[in-house]
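Q: Got a predicted model here, sequence first, then my questions.
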Amino acid sequence: MNELLQAIRSIDLRIYNFFGLFAGNRLLDRLATHEEGNNLFKGGVFFAMYWYVWFRAGPDLAKRRKAIIAIMIGSMLAIIVARTIAFVAPFRFRPIYDPTIAHLSYCVPVTANLENWSSFPSDTAAYFFALAFGLAYLLRRLAVPIMLYTAVWVCLPRMYLGLHYASDIVVGIGIGITMAWLSLRNDWLESRIAQPALTAMETGPQWFYALAFLLSFEMATIFDGLRRVGHDMLIGTLIALHLGHEHSGASRPIDEWGGLLATIGFLVTAGYVVHVLYSKFHGVRVAKRP
C-alpha cells in the first residue's frame, strides 16, 4: 500500500513539475486564473444547458425533468462526499503551499486562500463532473465535448495553478460520476423527490421557479453566497459564545462547515416548500375524485 502511495505521489510531482515549466508565461497564467475565477464559463454554461434541456419540448419531457432533479441532488451529494473524505483522510497540502516542493513564480497573483483546505480529493472536480456526466446523459451527442470542456476548462487550470495534484482531480472525477450515476438509477429519488417536485411545479409555478432560480444561481456560483452566509453565522455564534478568540485560526472548519450547514438549510427549506405545494395539490386532486 505504501509503495502504491509513493508511486502516485511520484506521478503527481512529475505532472506538477511539467506544468511548472510553463509558469510565468503571461498568456497561460492569465488564461488559467481567468478560467479558475470566472463562474460564467463554468457554472453559468452548465446551468444554461440544463435549463435548455428542462424546457425543450418532446415526448420525454417529464422523464428529462426527473433526471435533471436527480442529477442536481447527485452533484450536491458529490460535494458532501468529497468534503467528508477530505476531513477523514490525512491532510494533504495543496501543491502551491507545499514547503517541500520548489515553485516557479506566476506573473499574476494567485490568491486562492486555501492553505487550510486539504487538497485530496478535489470537490470542484467531483461537483462539475457530476454535472457534466448528467449533461452527457441528457445530451448524448455532446457527451465527448462536454467531458473535454470540463476537464480542460475546469480541472486543468487547478493543476496548472498548483491548487490540486492530478490524483486529487482523478478521485474527484470518480466521486462525481459515481454520485450522478447512482442518483439517476435511484427509484426512491424519482418517486419521493422528483415526482413531488414536478407536481409542485404544476400547482405553484411561481414558488417552484423562484426557488429553482435561487438554487441554480447558487449552484452556478458553487454556493458562494451560502458559504459566506454560513461563515458569518458561525463566526457570529462563536463571538456570542465568547469563543471567537479561541477559533480565530480555524478558518478551515468554519468555512467548510459553515457553507455546508447553510447549503443544507437552504435545501431543507426548499424541500419543505415543495412538500407543502405537493400536499396542497395532491389534496385537491383527491377531493375532486368521485
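A: Now that the structure is in, tell me what you want to look at.

Q: so Ala7 is in which element?
A: Assigned by DSSP states H and E, Ala7 belongs to helix 2-20.

Q: Next SSE downstream of that helix?
A: Next along from helix 2-20, by DSSP H and E: helix 26-37.

Q: on that earlier part again, helices and strands around the helix holding Ala7, which ones?
A: helix 156-160, helix 166-184 (3 or more CB pairs under 8 Å, 6 or more residues apart in numbering; DSSP states H and E). Yep, even glycine has a C-beta here, placed from its N, CA and C like the rest.

Q: what is the mean pLDDT for it?
A: Taken as a whole, helix 2-20 has a mean pLDDT of 88.

Q: quick one: that helix to helix 26-37, angle?
A: Helix 2-20 and helix 26-37 are oriented at 120 degrees to each other (axes from the mean of the first three to the mean of the last three CA atoms, to 10 degrees).

Q: can you list contacts of helix 2-20?
A: Outside of helix 2-20, the residues within contact range by CB atoms under 8 Å, 6 or more residues apart in numbering are Pro95, Ile101, His103, Leu104, Met159, Tyr160, Gly162, Tyr165, Ala166, Ser167.

Q: Number of residues surrounding the first one?
A: The reference is to Pro95. The local packing of Pro95 (other CB atoms under 10 Å) involves 25 other residues.

Q: Quick check: it vs His103, distance?
A: Counting by CB to CB, to the nearest Å, the gap from Pro95 to His103 is 8 Å.

Q: quick one: common contacting residues for the two?
A: Gly162.

Q: Could you tell me the phi and psi values at Thr221?
A: Main-chain torsions, Thr221, degrees, to the nearest 10: phi -100, psi 20.

Q: Quick one: the helices in this protein, in order.
A: 2-20, 26-37, 45-55, 61-88, 123-138, 143-149, 156-160, 166-184, 187-189, 195-203, 205-220, 224-240, 251-288 (DSSP state H).

Q: which among the contacts of helix 2-20 end up buried?
A: For the contacts of helix 2-20, a burial check counting by 16 or more other CB atoms under 10 Å picks out Pro95, Met159, Tyr160, Gly162, Tyr165, Ala166, Ser167.

Q: what sits against the last one?
A: Same thing as Ser167. Ile8, Ile11, Asp12, Phe120.

Q: okay, now the spatially closest residue to Glu115 that is not a sequence neighbour: neighbour count?
A: For Glu115, ignoring the flanking residues on the chain, the nearest one in space by CB to CB, 6 or more residues apart in numbering is Tyr97 at 5.2 Å. Tyr97 has 16 neighbours, counted by other CB under 10 Å.

Q: Please apply the same query to Asp224.
A: Asp224 has 14 nearby residues by other CB under 10 Å.

Q: tell me the domain ranges of the protein?
A: Following automatic domain parsing, one finds the domains of the chain at 8-185, 187-290.

Q: Next one: Gly153 from Gly44, what distance?
A: I think there's a mix-up here, since residue 153 is Trp and not Gly. Taking CB to CB, one finds Trp153 at 12 Å from Gly44.

Q: before we move on, back to that, which of the helices of the chain has the highest mean neighbour count?
A: helix 123-138 (a mean of 26; mean count of other CB atoms under 10 Å).

Q: May I have it as PDB, with CA atoms only?
A: C-alpha atoms of helix 123-138 as PDB (Å, rounded to 0.1, in the frame of the first residue of the first chain):
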ATOM      1  CA  ASP A 123     -14.600  18.700  -4.600                       C
ATOM      2  CA  THR A 124     -14.500  21.000  -7.600                       C
ATOM      3  CA  ALA A 125     -13.800  18.100  -9.900                       C
ATOM      4  CA  ALA A 126     -16.400  16.000  -8.100                       C
ATOM      5  CA  TYR A 127     -19.100  18.700  -8.500                       C
ATOM      6  CA  PHE A 128     -18.500  19.600 -12.100                       C
ATOM      7  CA  PHE A 129     -18.000  16.100 -13.400                       C
ATOM      8  CA  ALA A 130     -21.300  15.100 -11.700                       C
ATOM      9  CA  LEU A 131     -22.900  18.000 -13.700                       C
ATOM     10  CA  ALA A 132     -21.000  17.000 -16.800                       C
ATOM     11  CA  PHE A 133     -22.000  13.400 -16.600                       C
ATOM     12  CA  GLY A 134     -25.600  14.400 -16.200                       C
ATOM     13  CA  LEU A 135     -25.500  16.600 -19.300                       C
ATOM     14  CA  ALA A 136     -23.700  13.800 -21.200                       C
ATOM     15  CA  TYR A 137     -26.600  11.500 -20.200                       C
ATOM     16  CA  LEU A 138     -29.200  14.000 -21.400                       C
END
